[in-house]
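Chemist: How does the following fold in three dimensions:
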Amino acid sequence: MITQSVNLVRIRLTDERWSHILTEHGELLGWNERVLQTIAHPDRVLAGGAGELLAVREVETGKWLIVVYKEMEDDGFIITAFLTRRAASLNRRQQLWP
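Modeler: Alright, predicted model coming up:
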């Protein structure tokens, strides 16, 4: 599965990564399209701690889907995805977009 980030970089969600995400975060079963949409249409993009990016999208009041991904020059990939209610931890990160 492939989408495009706000930086116009092609981002891949491989079967291996999707399997990993579901193993760690089973509540995301059936959310693969939402994960891809979060990369393409995030509420905001935050900096990770090791060069990765965090696409953030609110899925219900006070609950966010976070998709962690890596961009290279012309290609990228999803690392993981999860749900959180911890707004304070998100707000401590540097906002890169918009």
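Chemist: nearest spatial neighbour of Phe77, skipping sequence neighbours?
Modeler: Nearest residue to Phe77, sequence neighbours excluded (Cβ to Cβ, 6 or more residues apart in numbering): Arg12, at 4.8 Å. C-betas here are computed from N, CA, C, even on glycine.
Chemist: Just the buried positions in stretch 24-32, please.
Modeler: Neighbour-count burial for stretch 24-32, counted by 16 or more other Cβ atoms under 10 Å, picks out 28, 31.
Chemist: what's it in contact with?
Modeler: 1, 13, 18, 21-22, 35, 65, 80-83 (Cβ atoms under 8 Å, 6 or more residues apart in numbering).
Chemist: Looking at the residues you listed, state which has the most neighbours.
Modeler: When those are compared by neighbour count (other Cβ atoms under 10 Å), Ala81 ends up highest, at 28 neighbours.
Chemist: Which neighbours in the sheet does whatever helix or strand that one lives in have, and how are they oriented?
Modeler: Using DSSP states H and E, Ala81 falls within strand 76-84. Using DSSP bridges, the strands paired with strand 76-84 are strand 10-12 (parallel), strand 63-71 (antiparallel).
Chemist: tilt between whichever strand or helix holds Glu33 and strand 76-84?
Modeler: Secondary structure assigned from DSSP H and E places Glu33 in helix 32-40. Interaxial angle, helix 32-40 versus strand 76-84 (axes from the mean of the first three to the mean of the last three Cα atoms, to 10 degrees): 110 degrees.
Chemist: Helix or strand, whichever it is, which one in this protein has the lowest mean pLDDT?
Modeler: Within the chain, no helix or strand scores below helix 87-91, which has a mean of 92 by mean pLDDT, DSSP states H and E.
Chemist: Past it, which element shows up next along the chain?
Modeler: Criterion used, DSSP H and E; the element after helix 87-91 is strand 95-97.
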